[in-house]
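>>> compute the structure for the input listed below.
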Amino acid sequence: MASFRAEYPAAQRLNLVEDLFGHPVPDPYRWLEDADSPQSREWLEAQESLWESYRAGLTDREAFADRVRELLRVGSVGLPAWRGNRQFYARRDPDQEHAVLYVADGDGSNERALIDLVAIDPSGRTTLDAWRPDKEGRLLAYQLSHGGDEESLLRVLDVATGELVDGPIDRCRYSGVAWLPGGKAFYYVRRLPPESVPDGEQQYHRRVYLHQVGTPPESDAEVFGAGRDKTTYYGASVSMDGRWLIISASIGTAPREDIWIADLTASDPATPLLVPLMVGLDAQASPRIGRDGRLYVLTDLAAPRGRLCLADPAAPGPDDWRDLIPEDPTSVLRSYAILDDLPRPVLVVSRMRHAVSEIAVHDLATGERLSGLELPGIGSAGGIAERPEGGHEAWFGYTDYTTPPLVLRYDAAAGELTTWAKSPGAVATPPVTASQVTYRSADGTEVRMVVIEPRAAGGEEGEAAAAGEASPARRAERSCILYGYGGFDISMTPGYSANILAWVEAGGVYAVAALRGGSEEGEEWHRAGMLDRKQNVFDDFHAAAEHLIATGVTTPAQLAGWGGSNGGLLIGAAVTQRPSLFAAAVCSAPLLDMVRYERFGLGATWSTEYGSAAVPEELEWLLSYSPYHRVVAGTEYPSVLFTVFTNDTRVHPMHAYKMCAALQHASPRTRQDTVIVLRAEGQVGHGARAVSLSAALSGEALAFVARETGLTPEARVPS
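Numbers count the residues shown, from 1 in each chain. From the prediction side, this is the model:
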């Protein structure tokens, strides 16, 4: 690896130490929280110059970006939504920057584009956040945001003509749309006007409203939410027959929610009489009314891995639920579809076993398992779609590490599973092997990890990997990326990734660890990695790195950690807790100052996951691992690339700014083999982005890791 002499920009260190419940908490770079101040702008401009100087030496960045872009030319396909005599679906063709939302007749004919983002905004910086057709398929509600701000302006268009019939309605971030029959009105979620809430709380204070299409949103009826916690998120759904309204409420991202149900035939839809369905319980649920009039509830109440229950919507309380599909102690129940146009109606059920999907068919009356469906590989199945009016067909997505997204169709009448739609592009993917291994964390807990590596000739590597052994190819000790997330009940499941394939094709190894904090093993797995147990997540990641080193996959000099958002917190913890385990780290859109995170972006909604610095006991949890507060001068830290997005309204870039300054100050200036750099990108945010922007970011980040772990072109092992 060629050395790069980093002359870090000057950054004033404030002598600022706060006393928080008896803890002296220093914050020398608080001034970087205001990115618009002259001092901050000067520092950011200097960091940009440093990054540009370093990037000039990344000779592989264009090659990586081009390969990622080529691998993304497979495109994508989404599940169909059936309404009336129409089907709605998203598809991204090989050279498109974004997926296009299409509508077609029920038989797939007469396809036409409804929402083409590049036609709306040729810059490619507008994203489609959500869409939902009405129950008859005549109107479409959709939400757009621009420049990564995720502000979701809601509009309604006429499907037949494409003409706008309503909107835009602002302040609709994270709002679902629940149509009433006839397409004249829908329930949705909207924030209160900025002038009516305290300063700094404009991102919160949501309410559920009933909107009459074509009328000013200011006249909408407020249905629910007054007097509840400012961080509460709401959901609303209406049964297909229009009789039942279901409303859910959860404080921030808490893994629990309250749910109510209302019979709209017995009260005014604008003032529904809501009856508790599940209130005051430490659980989550997804209720729906079946076409048979019964209430189906998928829940983790008394079942951390999930169960499917039946109830009477007129008597919906948990005491009256009965199990249709009980909890399986070794797999997690994810979703289901009801197929009732059959002599023997069935459920199509999706489960996840150690982060790998399974699909089975069950008897609708008894819940008895009838058969399993053979998936194309060891991968991930998406949500299951059915026809709202009933039928004998179900559709679900599928992908794995080498299979681009496709949609499978199950015909229960014929007992056949076929491919309904494939990603439209044809790209030759590199030969790789993906194997799942099990290792033990610091407390003895078994954790699983998938290792993706170049396929060796003759297949020996795959057999050795399946046995959890170091294969001959692995003994080469290659450059390796270890990826993790570990939070918010989010699973790391197999999926097509241009980043992974480009890296492994170049001769590297890519490992994905299923850390505690996710939902790979159900809600108990999630809770084992949150609040006062957050250190388990970091221990799981460190143990994954140690396993990769011990089994000959890589060495500390060739290992890089990678994570974003909550995964960026993970990387910050790894860098500060176990710096000698890693040569490099990519820390993207991270949380790093865990004392002040609640003050920025959507941080106040995450205290149910992390804890709050306003509570003495919880502050101690946060200080025990807060990466920004664990930086120690003179420590030999790995090279770190911070990637942030200046329009990120979820995780404020200040976290990376302050951590970057702290690490640059702490890193020994005598070392020439490590670097701390910041890549700040404008007009993009935390979520979706155009393909070209994704490829450019990936190319530079992969080239950074290649350089810092020694994966130079001459050092690569042909795949």
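
>>> which secondary structure element of this protein has the lowest mean pLDDT?
Least confident element among the helices and strands of the chain, by mean pLDDT, DSSP states H and E: helix 460-466 (a mean of 37).

>>> what about the helices in the stretch 601-719 of the chain?
Per DSSP state H, counting those that start in this stretch, the stretch 601-719 of the chain carries helices over the ranges 607-610, 616-625, 654-666, 691-709.

>>> avg pLDDT for the longest one?
Spelled out, that is helix 691-709. Mean pLDDT, helix 691-709: 97.

>>> now that helix: buried residues?
691, 693-709 (16 or more other CB atoms under 10 Å). In short, each C-beta sits where N, CA and C put it, glycine included.

>>> now do stretch 211-223
Those would be 211-213, 217, 220, 223, for stretch 211-223 by 16+ other CB under 10 Å.

>>> which of these fall within strands?
Of the positions in the buried residues of stretch 211-223, 211-212, 223 sit in strands, assigned by DSSP state E.

>>> quick one: which of the residues you listed is nearest P431?
H211 (52.6 Å; CB to CB).

>>> would you confirm that that closest one contacts G183?
No - contact criterion CB atoms under 8 Å: H211 and G183 do not qualify, at 11.8 Å.

>>> can you give me the neighbour number for A10?
12 (other CB atoms under 10 Å).

>>> number of nearby residues for V25?
When neighbours are counted by other CB under 10 Å, V25 registers 18.

>>> let me see the backbone angles for it.
Dihedral pair for V25: phi -120, psi 110, per degrees, to the nearest 10.

>>> tell me what it is bridged to.
Using DSSP bridges, the beta-bridge partners of V25 come out as E18.

>>> okay, it: pLDDT?
Note on V25: pLDDT of 98.

>>> over to A457?
pLDDT, A457: 49.

>>> could you number the chain from 52 rather than 1 from now on?
With the count now opening at 52, the last piece we talked about shows up as A508.

>>> per-residue confidence at R56?
Confidence for R56, expressed as pLDDT, is 74.

>>> so how far is E93 from it?
22 Å (CB to CB, to the nearest Å).

>>> out of those two, which sits in the more crowded spot?
With neighbours defined as other CB under 10 Å, R56 and E93 compare such that E93 has more, 12 against 9.

>>> correct me, but L328 touches P367?
Yes - assessed by CB under 8 Å, L328 is found in contact with P367 at 4.3 Å.

>>> shared neighbours of the two, anything?
Common contacts of L328 and P367, defined by CB atoms under 8 Å, 6 or more residues apart in numbering, comprise 312, 338.

>>> now do the contacts for I429.
I429 neighbours (CB under 8 Å, 6+ apart): 407, 451, 485, 487, 545.

>>> could you rerun that using 10 Å?
Counting by CB atoms under 10 Å, 6 or more residues apart in numbering, I429 makes contact with 406-408, 451-452, 485-487, 501, 545.

>>> got it, and G344?
So G344 contacts 290, 292, 294-295, 363-365 (CB under 10 Å, 6+ apart).

>>> out of the contacts of I429, which comes closest to D374?
Nearest to D374 among these, with distances taken as CB to CB, is S408, at 22.2 Å.

>>> whichever strand or helix holds that closest one: what's the following helix or strand?
In this assignment (DSSP states H and E), S408 forms part of strand 407-414. Of the helices and strands lying after strand 407-414 in sequence (DSSP H and E), the nearest is strand 420-424.

>>> what's the angle from that following strand to strand 407-414?
Compare the direction of strand 420-424 with that of strand 407-414 by axes from the mean of the first three to the mean of the last three CA atoms, to 10 degrees and you get 140 degrees.

>>> circling back: just the buried ones from the contacts of G344?
Here, 16+ other CB under 10 Å leaves 290, 294-295, 364 buried among these.

>>> show me the residues you listed that map onto strands.
Using DSSP E, these in strands are W295.

>>> if we can go back for a sec, minimum distance to N550: which of the helices of the stretch 652-770 of the chain has it?
helix 742-760 (5.1 Å).

>>> counting contacts, what elements does that closest one pack onto?
Helix 742-760 makes packing contacts with helix 89-106, helix 112-122, strand 531-534, helix 549-556, strand 610-615, strand 635-639, strand 690-696, strand 727-732 when contacts are defined by 3 or more CB pairs under 10 Å, 6 or more residues apart in numbering; DSSP states H and E.

>>> can you check which of these gets nearest to H256?
strand 690-696 (25.2 Å).

>>> ok, S745 touching V735?
Yes - counting by CB atoms under 10 Å, S745 does reach V735; the two are 9.5 Å apart.

>>> ok, G750 - contacts?
G750 is in contact with 109, 111-120, 550, 553, counting by CB under 10 Å, 6+ apart.

>>> can you check I389 too?
339, 341-343, 345, 347, 396-399, 415, 435, 437, 441-442, 445.

>>> pretty sure it sits in a strand.
Yes - secondary structure assignment (DSSP: H, G, I helix; E, B strand; the rest coil) places I389 inside a strand.

>>> and the gap between it and R345?
10 Å.

>>> overlap in contacts of those two?
Joint contacts of I389 and R345 (CB under 10 Å, 6+ apart) are R339.

>>> where do the contact lists of H262 and G234 overlap?
With CB under 10 Å, 6+ apart, H262 and G234 have common neighbours 192, 207.

>>> now do G157, the pLDDT please.
pLDDT, read off for G157, is 89.

>>> is it true that it touches Q138?
Yes - between G157 and Q138 there is a contact under CB under 10 Å: 6.2 Å.

>>> more neighbours: these two, which one.
Q138 (22 against 14).

>>> tell me the one among the contacts of I389 nearest to P355.
Comparing the contacts of I389 against P355 with CB to CB picks out Y347 as the nearest, at 19.4 Å.

>>> next up, identify which helix or strand that closest one is on.
strand 346-350.

>>> now the element after that strand, going C-ward?
Next in sequence after strand 346-350, counting helices and strands by DSSP H and E, comes strand 358-362.

>>> strand partners of that next one, parallel vs antiparallel please.
As defined by DSSP bridges, the strand partners of strand 358-362 come to strand 346-350 (antiparallel), strand 373-376 (antiparallel).

>>> which of these is buried the deepest?
Highest mean neighbour count among the strands paired with strand 358-362 (mean count of other CB atoms under 10 Å): strand 346-350, with a mean of 21.

>>> the residue nearest to L375 when sequence neighbours are not counted: how many residues sit nearby?
Leaving aside its chain neighbours, L375 sits nearest to G418 (4.3 Å; criterion: CB to CB, 6 or more residues apart in numbering). Other residues lying near G418 total 17 when counted by other CB under 10 Å.

>>> what are the phi and psi values for G418?
Note on G418: backbone dihedrals following degrees, to the nearest 10 are phi 80, psi 0.

>>> now do the SS call for V588.
V588, by the three-state scheme (three-state DSSP), is helix.

>>> re earlier: would you mind giving the strands paired with strand 358-362 as JSON lines with distance to W102 and mean pLDDT added?
As requested, the strands paired with strand 358-362 are arranged in JSON lines below (distance: least, CB to CB, whole Å; pLDDT from 0 to 100):
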{"stretch": "strand 346-350", "distance to W102": "46", "mean pLDDT": "98"}
{"stretch": "strand 373-376", "distance to W102": "52", "mean pLDDT": "98"}
